[in-house]
Each structure stands twice: as C-alpha cells, then as structure tokens.
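**Q** dropping a prediction and its sequence here:
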Amino acid sequence: MIGYVTLGTNDFEKSKSFYDKALAALGARRTMTNERMQGFGVKGSPVMLAVCKPYDGSKATNGNGTMISLAAPSREVVNQVHADALAAGGKDEGAPGERGTGFYGAYFRDLDGNKLCVFKMG
C-alpha cells in the first residue's frame, strides 16, 4: 500500500552515501533522482524510500515518534542492515532481536536523526 516515504536531510550528499551503504543488504539501489531528492528501491518493486532537501528550504527535522520500517527477507539481512547502518555513521536505537512473538527487528537513526526499523516477520 505504501508507494514511497521521504525523509528530510540537511546534508544531501552524505545522506545519499549513508543509504547506499545502509540499504545494500536489502538489495536497494538508487532509483528516481533530481537536484533535491534521491530515491532508493528494489528492482521489481514500486515502493521507494527517498531522502530530500525540504521543499520550503527550511532545516530538515525528524518527528518524535515517527519511524519508517523496512521489511527484510531474513533475520540475517536484518542483522546486516543494522550493522551496515551503524558502520555508515548511524546511531543504534535497538540491537537486532525478538520483539514479541514472530517479530525480529533492529532499530537505527540515520545521519539526520530519522528513526528506521528493519524487520522480519515469522
């Protein structure tokens, strides 16, 4: 149901590099792009995560309680994405592990403080 999600950034080039590394284990690559937005997606899927410079020119901020969740094909990929995000400069918000019956997840913040979860159900 989700078509795309955008996250604001205050350093467009660093943000693109961060997501190149953090999302590689999910098979995500750069997709749609322009001078203020860079999309990331998986071949064959219309869903996209994008980083962008805010349209109004104001500073990008993250919302308290706002989180983007990314589905992974396996627990191993959850572990890898979390490790790659931290290696790329992200902040740990919860190590990979069980979070209730059938939900395995890991949490991190990107370089602009946006919170993301990568998870595997089942």
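**A** Received, thanks.
**Q** for the rest of this, base every contact and every neighbour count on C-alpha atoms.
**A** Fine.
**Q** what's the average pLDDT for the helix or strand encompassing Ala83?
**A** For Ala83, the host element (DSSP states H and E) is helix 75-87. Averaged over helix 75-87, pLDDT sits at 98.
**Q** and it, how far out from the chain's middle?
**A** 11 Å (C-alpha atoms, centre = their mean, to the nearest Å).
**Q** wait, is Asn62 part of a helix?
**A** No: Asn62 is assigned coil when assessed by DSSP: H, G, I helix; E, B strand; the rest coil, not a helix.
**Q** so how far is stretch 28-43 from its chain's centroid?
**A** Chain-centre distance of stretch 28-43: 12 Å, with C-alpha atoms, centre = their mean.
**Q** and stretch 4-20, by the same measure?
**A** 9 Å.
**Q** then stretch 7-26?
**A** 8 Å.
**Q** got the end-to-end distance for that stretch?
**A** Stretch 7-26 has an end-to-end distance of 18 Å (C-alpha to C-alpha, to the nearest Å).
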